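In: Test case, fold it:
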Amino acid sequence: MQDNCSFLFLVGILPAGEEKEGGMEIRECIGRVDHVKPNQYGIEEKVGWLSYLDGTIWNDIIKTHEDAPEGEFEPYVPEDTGRELLAGVPYDEMYCAYLKMRIDEANGETGRYNNSAAMFNAHLEEFAKYYNRTHLPLDAGRFRIL
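Out: Numbering: from 1, shown residues only. From the prediction side, this is the model:
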């Protein structure tokens with residue numbers, strides 16, 4: 001049991017009852033997915049997939065609102081496993097759903113992919129709705145004279 005607990009600590013899965021401050025880190029997401037869905041894909045692929053997702057969220061959701069941070073999204077690299085993902089609790093499960101979907105896609109498992117894609121899309125939609133409710137879009141509140 002000690003080895004299993006050490007493994008779970010190393011990959012970022014906390015023991016039951018313990019809460020972590022801040023958002024989900026890349027290593028925690030990968031650890032959770034690898035724990036429930038063993039696969040042959042390495043850190044490089046999974047970090048790249050998560051980087052693509054957060055880059056899309058950055059450009060399509062966050063940067064389309066008035067209070068968006070300055071600068072551009074800096075893609076993740078394998079050495080960034082301690083970096084927090086953009087969407088916080090309770091929307092961070094979206095990342096695990098996304099990795100599961102990409103694994104199913106890469107494995108050519110169409111039925112599983114369709115189920116995983118539906119789960120991911122539901123999570124992404126919930127995050128987008130939340131962000132749109134809590135942040136003003138770039139053109140909100142301005143009158144345009146035509």
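In: how about G82, what does it touch?
Out: Taking C-beta atoms under 8 Å, 6 or more residues apart in numbering, we find G82 in contact with 25-27. C-beta: built from backbone N, CA, C; applies to glycine.
In: Dihedrals phi and psi, it?
Out: With angles defined as degrees, to the nearest 10, G82 sits at phi -90, psi 0.
In: Top of the contacts of G82 by number of neighbours, please.
Out: I26 (23 neighbours; other C-beta atoms under 10 Å).
In: What's the local residue count around A122?
Out: A122, neighbours per other C-beta under 10 Å, totals 12.
In: Please confirm that it is located within a helix.
Out: Yes: the assignment for A122 is a helix, going by DSSP: H, G, I helix; E, B strand; the rest coil.
In: can I get the contacts of G82 in a markdown table with secondary structure, distance to E125 and pLDDT?
Out: What follows is the contacts of G82, written out as a markdown table (DSSP: H, G, I helix; E, B strand; the rest coil; distance: C-beta to C-beta, whole Å; pLDDT from 0 to 100):
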| residue | secondary structure | distance to E125 | pLDDT |
| --- | --- | --- | --- |
| E25 | strand | 24 | 97 |
| I26 | helix | 23 | 98 |
| R27 | helix | 26 | 97 |
